[in-house]
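Colleague: how would this look folded up:
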Amino acid sequence: MSTAILSALTEEQSSLVGHLAHPQRVMHAGRAFWRGELHDRRVVLALSGIGKVAAATTATALIEHFGVARIVFTGVAGGVGDGVNVGDVVVAQDYVQHDMDASPLFPRWELPGYGRSRLACDPALSALLLEAASACVAGASGQWGLMSSPGQPRHRVHHGLVASGDRFVSTAEESLRLRAALRGAGHDVLAVEMEGAAVAQVCQDYGVPFAAVRTISDRADDTAHGDFALFVQTVASRYAEHMVQTLLQKL
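Modeller: Numbering: from 1, shown residues only. As a prediction, this is how the structure comes out:
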């Protein structure tokens, strides 16, 4: 059975494609998928596209067409939690859709038909991913432009709630407002991105284990646009390569 490695952007996955043994490019549902092997493990690499609908379509294709046994999402996110800084890594424990609002029919953020707001990631797979992320961060000091600035704390790995929505959060005001609203409802969010909750929902429906890791590229504030572009170009692919290959060795 194959492990699917899913990313939103080409830069987050390009180095992994280069390491594939016996690579095979397959077109399906208007997307390119790469079959092959990494560390003697069968994998399918895919780009989800940006946003929840594109990510859900890709996840469904991975399950229905390729029959993958598990899905792992790796990419970048904006940090919104206390102490979640650029260069840190967040392994998702569960997900909430921050733009889900079917009120007054359902409570805000509750997923209609699910009876809850949060979707949990697979505990066993997430534990392995957490180990891989911790090893990556521990070995990255001084590499890839990630050395902590003087007086700043060393980069850390966090484990907790991540929020997804079809919006790139890029102002400090919006970030603070979003975080405060979610926290007021008991959802203390560490990071925000645009795809993971949709993949979590698809995997929940199909009973497929899902785990996700996000490297913090920006603080989801007024500097997010510039920080994001630079970070993806210089760091994201190397982090993804290290964490994914370490994870595969643990499976």
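Colleague: following element in sequence after the helix ranked longest in the chain, please.
Modeller: As assigned by DSSP state H, the longest helix anywhere in the chain is helix 123-139. Per DSSP states H and E, the first helix or strand lying C-terminal to helix 123-139 is strand 157-164.
Colleague: quickly run through the sheet partners of that following strand, with directions.
Modeller: strand 89-97 (parallel), strand 189-193 (parallel) (DSSP bridges).
Colleague: was I right about S15 contacting E241?
Modeller: Yes. With contact defined as CB atoms under 8 Å, S15 reaches E241; the gap is 4.4 Å. All C-beta atoms are positioned from the backbone trio N, CA, C, and that covers glycine.
Colleague: so for these two, which sits in the more crowded spot?
Modeller: The neighbour comparison of S15 against E241 (other CB atoms under 10 Å) goes to E241, with 20 against 17.
Colleague: quick one: contacts for that one?
Modeller: E241 makes contact with 15-16, 19 under the criterion CB atoms under 8 Å, 6 or more residues apart in numbering.
Colleague: and V72, helix, strand or coil?
Modeller: Recorded secondary structure, V72: strand (DSSP: H, G, I helix; E, B strand; the rest coil).
Colleague: what bridges to it?
Modeller: Under DSSP bridges, the beta-bridge partners of V72 are I5, A211.
Colleague: all numbers from here: first residue = 27
Modeller: All right, first residue 27 from here; so that's V98.
Colleague: just to check, it is in contact with S33?
Modeller: No. V98 is not in contact with S33 according to CB under 8 Å; the separation is 9.6 Å.
Colleague: check D148 and give its pLDDT.
Modeller: Note for D148: predicted pLDDT of 98.
Colleague: nearest spatial neighbour of it, skipping sequence neighbours?
Modeller: With CB to CB, 6 or more residues apart in numbering as the criterion, D148 has its nearest non-adjacent residue at 3.7 Å, and that residue is P235.
Colleague: hmm, that neighbour is touching L151, no?
Modeller: Yes. Using CB under 8 Å, P235 makes contact with L151 at a distance of 4.7 Å.
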